[in-house]
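Participant: mind folding the following:
(chains A and B)
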Amino acid sequence: MLSIQVIRENQLEVIRRLSMKNFDAAELIASVLELDEKRREFQKQLDELNSQSNQLAREIGILFKSGKTDEGNRLKEQTGPLKTRSKEAEASLDAAKRELDERMVLLPNIPHSSVPKGSSAENNETVYEEGTIPELPDAAIPHWELGPRFGIIDFALGTKITGAGFPVYLNLGAGLQRALINFFLDQALKSGYTEIQPPYLINSASGFGTGQLPDKDGQMYSIPEDDLYLIPTSEVPVTNIYRDVIFKPSDLPVKHVAYSACFRREAGSYGKDVRGLNRLHQFDKVEIVQITEPDLSYDALEEMREYVTGLIRMLELPLRVLNLCGGDISFASAKTYDMEVYSAAQKRWLEVSSVSNFESFQSQRMKLRIKDDSGKTRPAHTLNGSALALPRIVAAILENNQTDKGIRIPEVLVPYTGFSIIS
RNA sequence: GGAGAGAUGGCAGAGCGGUCGAAUGCGGCGGUCUUGAAAACCGUUGACCUGCGAGGGUCCGGGGGUUCGAAUCCCUCUCUCUCCGCCA
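Facilitator: All right, here's what the predicted structure looks like:
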């Protein structure tokens, strides 16, 4: 959520910058400002009326206490009309507030000035590309064939017991999963992140806090009976730990890492994008989250980007970093880097991490604030990124490292897997 | 799942329906004292809305009600604790 003050003070600037997200905010902002005006007007009325009734009640109290019941009763008569008026003012105020909120949550975050212009993925800016794209033998096959052939991933079995998009990892495949998770967690710990094991189900307040609700509820699996949702990423429970929290400056930055399974409905996806491990309903991910002072959040974003590219490098995978354009960054994000690895048998880049700075967008929703020595409170900045999401990493490892002897495991993982080749 | 108890400021813990935003203690901050620290003493110490400010308003788990007036009474929801049952 954007701050109403920012909108009030920079109306045109906000509209201009939101247009970079292909979002025409003019009408919405006009109505927001109007409702804000109304809200303050009703608030003033209500305050004034309350002030009067408080005054009267006090006086009546004093009169009754000192035995002047008649005078007290006379004063009481004045309270009736005051009460009706304040009921009215309160109703108007509530309505204005509700409408204002309804509209405020429709406004996406403002993209940072370094976000490239553009309306679709084609306009994303390649920050850099590194590593060599492996030459595979003619007999090379994509991971969705490799998995079953080596008996390490069974897609059909997942379909049998659950449905499409829920693969079963077997034997060394399961071992590889576990190894990656532990490797990622250990690396993050080394970089100063503290580990969290969050719940996999969240309530709607948490979904709202990080921006999944109300607009993207169709992307989460829900449990209506208990009013809960399955987490689409551990970002949601981990960031919401700090909902309604006020930090001292010395508490920051907060740096957390969490492994969790992630659940996504992925309604509307189709074709080659969902083939094999490319897009799943359940997948494993290690996520990093930071909460920082506002003026340090872009340093943190760069640091997280460096950290994630470091992981990919260690796994010996060809890497590409994208600075997402205005039209491609998410609703809540101010700036996002996507990290991609090259999957050599599919001959395509696969997104394995998305690192975003939400600035105060989530904090505003969550009331996550910093209170400095002067006693002023201001929203903190929140960031998060995958470090990393497993399935596409596994796809790339399987495809890129296939040899006629089997699939070679990247060296850094061998201490974790206990094997160096899948054959 | 059944029965009961409770939810108050960073924490602990008071609070006959009437200047209660809330006693007291601890913690935090500032000061006196000290070479320094501790102790002691003094002062200070919630959030939010609105206003240039003075000020005004809201908040004692959430929502609703009674009343001129609610932290205090009533209803309801949520959560916590105790006992019983079941159980990884």
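Participant: give me the neighbour count for the residue of the stretch 1-150 of chain A found nearest RNA strand B.
Facilitator: Proximity of the stretch 1-150 of chain A to RNA strand B (C-beta to the nearest atom of the strand) peaks at residue A:61, 2.9 Å away. For glycine as for every other residue, the C-beta is placed from the backbone atoms N, C-alpha and C. Neighbours of residue A:61 under the rule other C-beta atoms under 10 Å: 11.
Participant: and the next helix or strand past the host helix or strand of it?
Facilitator: Here residue A:61 sits within helix A:26-65, counting by DSSP states H and E. With elements assigned by DSSP H and E, the helix or strand that comes after helix A:26-65 is helix A:69-76.
Participant: right, and RNA strand B sits closest to which residue of the stretch 201-350 of chain A?
Facilitator: The stretch 201-350 of chain A approaches RNA strand B most closely through residue A:246 (6.4 Å), counting by C-beta to the nearest atom of the strand.
Participant: got a list of what that residue touches?
Facilitator: Going by C-beta atoms under 8 Å, 6 or more residues apart in numbering, residue A:246 touches A:369, A:370, A:371, A:377.
Participant: what is it paired to in the beta sheet?
Facilitator: residue A:369 (DSSP bridges).
Participant: just to revisit the earlier point, do you know the pLDDT at the residue of the stretch 1-150 of chain A closest to RNA strand B?
Facilitator: As summarised for this prediction, residue A:61 has a pLDDT of 83.
Participant: how far away is it from residue A:75?
Facilitator: Taking C-beta to C-beta, to the nearest Å as the measure, residue A:61 falls 10 Å from residue A:75.
Participant: can you list the helices and strands that the helix holding residue A:61 packs against?
Facilitator: Judged by 3 or more C-beta pairs under 8 Å, 6 or more residues apart in numbering; DSSP states H and E, helix A:26-65 is in contact with helix A:4-9, helix A:11-18, helix A:69-76, helix A:79-104.
Participant: lowest average pLDDT across those?
Facilitator: Minimum mean pLDDT among the helices and strands packed on helix A:26-65: helix A:69-76, a mean of 75.
Participant: what is the mean pLDDT for the host helix or strand of residue A:208?
Facilitator: If you go by DSSP H and E, residue A:208 is part of helix A:204-210. Mean per-residue pLDDT for helix A:204-210: 88.
Participant: which other helices and strands contact it?
Facilitator: If contacts are counted by 3+ C-beta pairs under 8 Å, 6+ apart, helix A:204-210 sits against helix A:235-240, helix A:361-366.
Participant: close to RNA strand B: what parts of the stretch 151-300 of chain A are there?
Facilitator: Residues of the stretch 151-300 of chain A that fall close to RNA strand B, judged by C-beta under 7 Å from any atom of the strand: residue A:246.
Participant: which intervals of the stretch 151-300 of chain A have sub-threshold pLDDT?
Facilitator: A:272 (pLDDT under 70).
Participant: and for the residue of the stretch 251-400 of chain A found nearest RNA strand B, the neighbour number?
Facilitator: In the stretch 251-400 of chain A, no residue comes nearer to RNA strand B than residue A:377, which is 3.5 Å away by C-beta to the nearest atom of the strand. Residue A:377 has 13 neighbouring residues, counting by other C-beta under 10 Å.
Participant: look up which residues are beta-bridged to residue A:154.
Facilitator: residue A:168.
Participant: give the contact list for it.
Facilitator: Contacts for residue A:154 (C-beta under 8 Å, 6+ apart) come out as A:147, A:148, A:167, A:168, A:170.
Participant: now do the helices in the stretch 101-250 of chain A.
Facilitator: Assigned by DSSP state H, counting those that start in this stretch, the stretch 101-250 of chain A shows helices spanning A:143-150, A:155-161, A:171-190, A:204-210, A:235-240.
Participant: tell me which residues of the fourth one come out buried.
Facilitator: By that I understand helix A:204-210. By 16 or more other C-beta atoms under 10 Å, the buried positions in helix A:204-210 come out as A:206, A:207, A:208, A:209, A:210.
Participant: how about the contacts made by the nearest residue to the first one once chain neighbours are set aside?
Facilitator: Beyond its immediate neighbours in the sequence, the residue positioned closest to residue A:206 (C-beta to C-beta, 6 or more residues apart in numbering) is residue A:240, lying 4.0 Å away. Contacts here follow C-beta under 8 Å, 6+ apart; on that basis residue A:240 touches A:202, A:205, A:206, A:209, A:210, A:366.
Participant: how close does residue A:240 get to residue A:202?
Facilitator: When distance is defined by C-beta to C-beta, residue A:240 is 7 Å away from residue A:202.
Participant: related to what we said a few turns ago, from the contacts of residue A:240, which is closest to residue A:393?
Facilitator: Using C-beta to C-beta, residue A:210 is the member of the contacts of residue A:240 that lies nearest residue A:393, at 23.9 Å.
Participant: so that closest one sits against residue A:235, correct?
Facilitator: Yes. Counting by C-beta atoms under 8 Å, residue A:210 touches residue A:235, with 6.1 Å between them.
Participant: the residue lying closest to residue A:86 once chain neighbours are set aside: what's it in contact with?
Facilitator: Among residues not flanking residue A:86 along the chain, residue A:49 sits closest, at 4.0 Å (C-beta to C-beta, 6+ apart). Counting by C-beta under 8 Å, 6+ apart, residue A:49 makes contact with A:82, A:85, A:86, A:89.
Participant: with residue A:221 instead?
Facilitator: Applying C-beta under 8 Å, 6+ apart, we find residue A:221 in contact with A:229, A:230, A:263, A:264, A:265.
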